[in-house]
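Asker: Return a 3D structure for these sequence lines:
(2 chains)
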Amino acid sequence: MLAFTIRRLAQSIVVLAAMALIVFLGVYAIGNPVELLVNPMADEAERARATAALGLDKPVLEQFAIFLVRAAQGDLGRSFVYNIPAIQLILDKLPATLELAAVAMVIAIALGIPLGLLAGLRPNSYLGRTIMAGSILGFSLPTFWVGLVLIMLFSVELGWLPSNGRGETVLLLGVPVSFLTVDGLKHLAMPALNLALFRLALLIRLTRASAREAALQDYVKFARAKGLAPTRVIGVHILKNIVIPIVTVIGLELGSVIAGAIVTETIFAWPGTGKLLIDSINQLDRPVIVAYLLVIVTIFIAINFAVDVLYSLLDPRVRLVAPAAAGH
Amino acid sequence: MRIVTGEPIPVRVRDAAAQAPWRRFAEEFAESRIALFGLALLVFLAVVAIAAPWISPQNPYDLAQLDVLDSKLAPGTPAAAGGLYWLGTDDQGRDMLSGIFYGLRISLTVGITSTVIALAIGLALGMLGAYVGGWLDALIMRVADIQLSFPAILIALILLAVLGQGTGKIIAALVTVQWAYYARTVRSAALVEREKEYIEAARVLALPKWRILVKHLLPNCLPPLIVVATVQVAHAIALEATLSFLGLGLPITEPSLGLLIANGFQYLMSGKYWISFYPGVALLVTIMAINLVADQLRDVMNPRLKR
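Answerer: Predicted coordinates:
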């Protein structure tokens, strides 16, 4: 187990280092930010001064070395546009993204598992088929398209929900959150639903497939034959045995929901990290792009690592240890 | 002597089923009405996309044909130059119907081109990995695994942030996002096929390696790949639309469906829904049609469901 964890950790670090190099070299290649920041009337001397001030006159590899040393100290450079540390900019926006992602995941889990169970236990019923058709739709509709339709329906036609921003926030443990105010909840509803839709469809399909399989197992038949209440058979015998793949997918989706927020935040002008990324790409704000990507990739790798380790803890059958270590 | 030259021995069986595998395939596909409907829809969309320059009421790229006075007209408004704007006009007075025809053309082209290139790359790498094995196989699959652990949108965004905009660049981004699916699929198929008797027979005949790979292994690995590729065309089109919507995809001079939607987004709040909505419907119908066809292809080609 320890060997597995260490090997997996080493692999995560290699991936992170490789991503840092790719992101840095890649982002270095885009546009010249000096063009955007300096007055177009500026002369050569002033341009050179601006270039030197941003550290862009040094060789690429030296810039990367400086970047790495500083990144290790938690300094990912200053935003060209806002002139504040890029990491601070990201950390300021991160709570909004995390809140959106968390609410979306709660919606997906709270609706997806019960609906998936319903569809899985009654696969040929009208309800089961309707749920499946809905989940196929949820899979194939592009997120931004659904967001657009939501805005058209609830903001433009019905005028029920606001189409942009976070609304009123209150401080919870020093972090601004929207879900504790009515106005905030109204602002949160559409983006969260929009972001939840794909995971919802995924969880429905996964739960359905697992439940269908589990319902045919001998232990379920036996529990039924014993005369246990159907709710107990479903709640204990079936659910307990299908929970591992579901928990795994939920864990992996935690990362993808943060990445998916890029699209949702842009549509609903939700002031989170995703919108910041798109704005920064358009403004060629390199330090912010690099900082965002590194933060996101780190979160991602950390989640994948945690899920892998948890998975092998939860289910001894998948423990991927070398035969030599199997004796413990 | 034939055996020594390695030519396939001609089989003289005039069995109806063996004679026309394509016909059998078509019959099985046609068992699902909804899949046939999807196929018909897809053919219709393809014809529209190909014929766009001839059937569009106006050339949406020709600024001389656009009249700013006709901008943001509601669907069904008569045009100043005669005719009718069936689906309204956008902010530059461009006929939305023509815009959608051309947009469909670009969306389909980008989606199909990127899928074909990714398929070729994934196929080559996957087959190579499966056949050669060893460190090369491990390397290819490791890279594929790591890449697949990140969401496609994130990888594509990183690439486009790096490469900049343009049709070629977005195709490159879509290829990068997709190749790993094919490499994995073809590798797992090839690993199964490799152990079968006909490959062993070909080896015993001392056929050259490339010949076994291309003529024996490849055709038998294709069915799962075709299914994956069909689904991926839909994914590629949706991803391209998303990237264009975010302003990182295609240039504004060649608006795909995603860009048309983005273009109308700013007018959505003022009730001018048609600029975004109709391109959105076209995108949706395209994706659904492809998915309907792909679903049935998966069932027909899945040997486990064979009766």
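
Asker: what about the residue of chain B found nearest chain A, neighbour count?
Answerer: Residue nearest to chain A within chain B: residue B:162 (3.3 Å; Cβ to the nearest Cβ). Where you see a C-beta, it was placed from the backbone N, CA and C, and this is true even at glycine. For residue B:162, the count of nearby residues is 19 (other Cβ atoms under 10 Å in any protein chain shown).

Asker: So it is in contact with residue A:26, correct?
Answerer: Yes - using Cβ atoms under 8 Å, residue B:162 is in contact with residue A:26, at 3.3 Å.

Asker: May I see the buried residues of stretch B:42-51?
Answerer: B:42, B:45-46, B:48-49 (16 or more other Cβ atoms under 10 Å in any protein chain shown).

Asker: Can you tell me what sits against it?
Answerer: B:55, B:101, B:104-105, B:108-109, B:285-286, B:289-290, B:293 (Cβ atoms under 8 Å, 6 or more residues apart in numbering or on different chains).

Asker: List the contacts of the residue in the stretch 51-200 of chain A that chain B sits nearest to.
Answerer: Closest residue of the stretch 51-200 of chain A to chain B, Cβ to the nearest Cβ: residue A:142 (4.3 Å). Neighbouring residues of residue A:142 by Cβ under 8 Å, 6+ apart: B:238, B:241-242, B:283, B:287.

Asker: Keep only those of these that are in helices.
Answerer: Mapping the contacts of residue A:142 onto helices (DSSP state H) picks out B:238, B:241-242, B:283, B:287.

Asker: which of those are close to chain A?
Answerer: With the criterion set as Cβ under 8 Å from any Cβ of the partner chain, the members of these near chain A are B:238, B:241-242, B:283, B:287.

Asker: where along chain B do the helices fall?
Answerer: Here chain B has its helices, by DSSP H, at B:2-5, B:16-19, B:21-29, B:33-55, B:96-132, B:134-148, B:152-163, B:167-194, B:197-204, B:209-211, B:218-245, B:257-268, B:274-301.

Asker: Dump these to TSV, plus distance to residue A:201 and mean pLDDT.
Answerer: Shown next, in TSV, are the helices of chain B (distance: least, Cβ to Cβ, whole Å; pLDDT from 0 to 100):
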stretch	distance to residue A:201	mean pLDDT
helix B:2-5	54	48
helix B:16-19	38	51
helix B:21-29	25	78
helix B:33-55	19	85
helix B:96-132	21	88
helix B:134-148	19	85
helix B:152-163	16	82
helix B:167-194	19	88
helix B:197-204	39	85
helix B:209-211	43	82
helix B:218-245	14	86
helix B:257-268	21	81
helix B:274-301	12	84
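
Asker: Reformat those helices as a markdown table; add distance to residue A:216.
Answerer: Output for the helices of chain B, formatted as a markdown table (distance: least, Cβ to Cβ, whole Å):
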| stretch | distance to residue A:216 |
| --- | --- |
| helix B:2-5 | 49 |
| helix B:16-19 | 33 |
| helix B:21-29 | 27 |
| helix B:33-55 | 27 |
| helix B:96-132 | 34 |
| helix B:134-148 | 31 |
| helix B:152-163 | 34 |
| helix B:167-194 | 26 |
| helix B:197-204 | 34 |
| helix B:209-211 | 45 |
| helix B:218-245 | 26 |
| helix B:257-268 | 43 |
| helix B:274-301 | 21 |
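
Asker: Next, the contact list for residue B:60, please.
Answerer: Applying Cβ under 8 Å, 6+ apart, the residues contacting residue B:60 are B:66, B:94-95, B:98-99, B:102, B:255.
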